[in-house]
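A.B. asks: Sequence first, predicted coordinates after that:
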Amino acid sequence: MKKLLSIALMAMALVTVTFASPAMAADAGAGAGVFNANCAVCHMGGNNTINPAKTLKQDDLSANGKDTADAIATQVTNGNGAMPAFGSTLSASDIENVAAYVLDQAAAGWAG
């Protein structure tokens, strides 16, 4: 009986590990709050009040090489041009979350 219970528990653990979400997966929902608190001043609705040619809309993200989570995270972390760096004020997970939010919104056309 003890052996059967051990096998069942091992099988459950294997299924849980196999189908669990990655622990470090970005959370676009949490990214919305980070975006609204830190980015929306210049990027409300995916626009760019400083440089209207560099919006957060899908076409501009692609044209400017900022259409991946890594590229957006690098931009947010280090800044560039008129955009300040947020690497010292936001955590790595906040930056990952805001990158996921920007990609989700760009894919949806910033409709929401």
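C.D. replies: Looks like it arrived, so ask away.

A.B. asks: how close does Asn80 get to Ile72?
C.D. replies: According to CB to CB, to the nearest Å, Asn80 and Ile72 sit 11 Å apart. In short, each C-beta sits where N, CA and C put it, glycine included.

A.B. asks: where are the low-confidence patches of this structure?
C.D. replies: For the chain, residues meeting the criterion pLDDT under 70 lie at 1-24, 112.

A.B. asks: hey, where'd the helices end up in it?
C.D. replies: Assigned by DSSP state H, the helices in the chain fall at 2-19, 28-38, 40-43, 58-63, 69-78, 92-107.

A.B. asks: among these, which is nearest Phe86?
C.D. replies: Among the helices of the chain, the nearest to Phe86 by CB to CB is helix 69-78 (5.1 Å).

A.B. asks: Go through that closest one and flag the buried ones.
C.D. replies: Within helix 69-78, the residues scored as buried using 16 or more other CB atoms under 10 Å are 69, 72-76.

A.B. asks: between that helix and helix 28-38, how many degrees?
C.D. replies: Computed with axes from the mean of the first three to the mean of the last three CA atoms, to 10 degrees, the direction of helix 69-78 lies at 30 degrees from that of helix 28-38.

A.B. asks: now the buried residues of helix 69-78 as TSV including distance to Gln105?
C.D. replies: What follows is the buried residues of helix 69-78, written out as TSV (distance: CB to CB, whole Å):
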residue	distance to Gln105
Ala69	13
Ile72	11
Ala73	15
Thr74	18
Gln75	15
Val76	14
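
A.B. asks: Verify the contact between Glu96 and Ala26 for me.
C.D. replies: Yes - counting by CB atoms under 8 Å, Glu96 touches Ala26, with 4.3 Å between them.

A.B. asks: OK, contacts around the residue positioned nearest the centre of the chain?
C.D. replies: The centroid of the chain falls nearest to Ala100 when counting by CA atoms, centre = their mean (2.2 Å). Neighbouring residues of Ala100 by CB atoms under 8 Å, 6 or more residues apart in numbering: 26-28, 31, 69.
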